[in-house]
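# here's a sequence, model it:
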Amino acid sequence: MMPDQITIDYSDQFPILRKRVFFNHAGVAPISGPAAAAIRAYADQAESAAYVGAGWYAKAKTTKAAAAKLIGAASGDEIAFVANTSAGLSLVAKGLAWGPGDHVVITNVEYPANRYPWEDLRRLGVEVIEVAQTPDGRIDAREVVAAVTDRTRVVSISHVQYASGFRIDLRPISDAVHRVGGYLCVDAIQSVGVMPVDVETMGIDFLAADGHKWLLSPEGCGIFYCRGSLIERLHPSVVGWMNMVDSSNYGDYRFEFEPTAKRFEPGSYNIPGVMAMGASIEMLLEVGIETVWSRVESLTARLCAGLVDRGYGVFSPRGDGERSGIVVFDPPSTSVRQTPSPARIVVELEKRGIIIVVREGRLRASVHFYNTPEQIDTLIEALP
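Sure, this is the predicted structure:
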């Protein structure tokens, strides 16, 4: 069975399909129907009963368990809720004990969330080493490995790059940094929810991902994964009442951090966000992440073929193991007629209800499993 023939019909869970051709899941995605229903249920209960009998925090444990299953973590005890990807990555940057001469390896094309927390460590004498993207949009894993030395404490890298769509092979990087006693930290906001991610197989020590992209849930709530054996090596960057053992026994002051990833949660949860994210993750697990990815691969292949036919240049690397849900492309260049700028193309498409964006001077479309081949064709035909 070809991927395009896989029967997936979740159109009733995405009302946006009735109004727009939406291809910006790498930006801010529409929340799923289950996520919206979870928010409504929360609002109704909070309005009428003010949490009495709701059991929201018990239900939050099921969201952690679902998130752990999605990324191949051992259990929900390795998952903490964070406000966003930046907060998750900062838990690592702020939580490890650093010294002058320590190294962090990143790339020169990371989204700022995965750059500034490490640059801030320069005040402690930490050196930030950059590996450059190649002109064809790739990051050579061998160059990342070559940048690892016995002074490397962390390699922090995006699983999928936001401005190229390039997906890197994490395993050789993990093996290299582990050999010198360091850790692999991954910004997975552009991969979790759209393709298989397995923290064990990939050798990931820390992972952060907000929910508002491929997880199809609201902004302001995401997940942070910390390998169980490393939890107590990472000091919480923010300390509050909920970091502590027996935290609900308010009057018995006991300064003892939780032994699970709860030690990274200083205070009250964003309950509507947690409930919504949990509902979307459950939907993705129901569909099956392999099925989600197979569908997305088929749709992006159709898009790339159509772009080439229209004379557009596909910048995103498309080799095996490199593809993602992101397709970055350039308008055709012609001496006969001036092609509109990427920014102008985006504006004109939006007038027709077709949503793509510009990133770093190029056009970017990001497709999810509920999109259809017909929508791909609509975009291609609408391009100037």
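# now the nearest residue in space to residue 90 that is not next to it in sequence: phi and psi?
Among residues not flanking residue 90 along the chain, residue 117 sits closest, at 4.6 Å (C-beta to C-beta, 6 or more residues apart in numbering). Yep, even glycine has a C-beta here, placed from its N, CA and C like the rest. Residue 117 has phi and psi values of phi -60, psi -30 when expressed as degrees, to the nearest 10.
# now do residue 357
Here is the backbone geometry of residue 357 (degrees, to the nearest 10): phi -140, psi 170.
# pairing partners for it in the sheet, please.
Counting by DSSP bridges, residue 357 forms beta bridges with residue 364.
# give me every residue that touches it.
Neighbour list for residue 357: 24, 27, 346, 363, 364 [criterion: C-beta atoms under 8 Å, 6 or more residues apart in numbering].
# so how far is the strand or helix carrying residue 40 from its chain's centroid?
Using DSSP states H and E, residue 40 sits within helix 33-49. With C-alpha atoms, centre = their mean, to the nearest Å as the basis, helix 33-49 stands 25 Å off its chain's centre.
# pull the CA atoms of that helix into CSV?
What follows is helix 33-49, C-alpha atoms only, in CSV (Å, rounded to 0.1, in the frame of the first residue of the first chain):
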residue,chain,number,x,y,z
GLY,A,33,-10.1,18.8,18.1
PRO,A,34,-9.3,16.7,21.2
ALA,A,35,-7.0,19.5,22.5
ALA,A,36,-9.8,22.1,22.1
ALA,A,37,-12.3,19.8,23.8
ALA,A,38,-9.9,19.3,26.7
ILE,A,39,-9.6,23.1,27.1
ARG,A,40,-13.4,23.5,27.1
ALA,A,41,-13.8,20.8,29.7
TYR,A,42,-11.2,22.5,31.9
ALA,A,43,-12.9,25.9,31.5
ASP,A,44,-16.4,24.4,32.3
GLN,A,45,-15.1,22.6,35.4
ALA,A,46,-13.0,25.5,36.6
GLU,A,47,-15.9,27.9,36.1
SER,A,48,-18.5,25.8,37.8
ALA,A,49,-16.6,23.9,40.4
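# which parts of that helix are buried?
For helix 33-49, a neighbour-count test (16 or more other C-beta atoms under 10 Å) marks 33, 34, 35, 36, 38, 39, 42, 45 as buried.
# can you list the low-confidence ranges for the stretch 51-200 of the chain?
Across the stretch 51-200 of the chain, no stretch falls below the confidence threshold (pLDDT under 70).
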